[in-house]
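Enquirer: Provided below for reference: sequence and predicted model.
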Amino acid sequence: MPAELPFKRGAIELLILKTISWRPMHGYAIAQWIQDTTDDALKVEEGSLYPALHRLENKGLIESKWGTSENNRQAKYYGLTPEGRRTLRAESDSWMQYAAAITKVITAS
């Protein structure tokens, strides 16, 4: 199991946007998907997740609706807005360029 990694500035918002790009999800499912997808390297705590969701909603990048979860409980589901999709594409490109540049530096010989 890899060590848990800290989040870089802006990363949690990008991860949330990507996670809900396929379908609306509630907070716990978002956190679980990120943790599962990264093989436990990234763990999103409630204290980081919900403020990030609120920031994204305030920016108009996501919207929320109440619904019923898999275990029959009321949960707030978050989905992307059209602006959120545009932002996801732009931010993904930017992060990929950044990661490629960092990789070039740390693998240089």
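Expert: Happy to help now that I have it.
Enquirer: confirm Ser64 sits in a helix?
Expert: No. Counting by DSSP: H, G, I helix; E, B strand; the rest coil, Ser64 is not found in a helix; it is strand.
Enquirer: so that it lines up with my notes, have the first residue be 212 from now on.
Expert: Noted, 212 is the first residue going forward, which turns the last one into Ser275.
Enquirer: didn't it look like it was pressed against Ala286?
Expert: No. Counting by CB atoms under 8 Å, Ser275 sits too far from Ala286 to count as a contact (9.9 Å). In short, each C-beta sits where N, CA and C put it, glycine included.
Enquirer: residue for residue, what is the longest helix the protein has?
Expert: helix 293-317 (DSSP state H).
Enquirer: buried residues in it?
Expert: Neighbour-count burial for helix 293-317, counted by 16 or more other CB atoms under 10 Å, picks out 295, 298-299, 302, 306.
Enquirer: show me what that helix is packed against.
Expert: Applying 3 or more CB pairs under 8 Å, 6 or more residues apart in numbering; DSSP states H and E, we find helix 293-317 packed against helix 222-230.
Enquirer: and the helix it packs on, how far out from the chain's middle?
Expert: Averaged C-alpha coordinates place helix 222-230 at 2 Å from its chain's average position (CA atoms, centre = their mean, to the nearest Å).
Enquirer: what's it packed up against?
Expert: Checking 3+ CB pairs under 8 Å, 6+ apart, helix 222-230 ends up next to helix 238-248, helix 257-269, helix 293-317.
Enquirer: so for Glu224, which of these sits nearest?
Expert: helix 257-269 (5.5 Å; CB to CB).
Enquirer: does anything pack onto the closest one? Which helices or strands?
Expert: Using 3+ CB pairs under 8 Å, 6+ apart: helix 257-269 touches helix 222-230, helix 238-248, strand 273-279, strand 285-291.
Enquirer: dump the residue contacts of the nearest residue to Trp306 once chain neighbours are set aside.
Expert: Leaving aside its sequence neighbours, Trp306 sits nearest to Leu225 (CB to CB, 6 or more residues apart in numbering; 6.2 Å). Counting by CB atoms under 8 Å, 6 or more residues apart in numbering, Leu225 touches 299, 302-303, 306.
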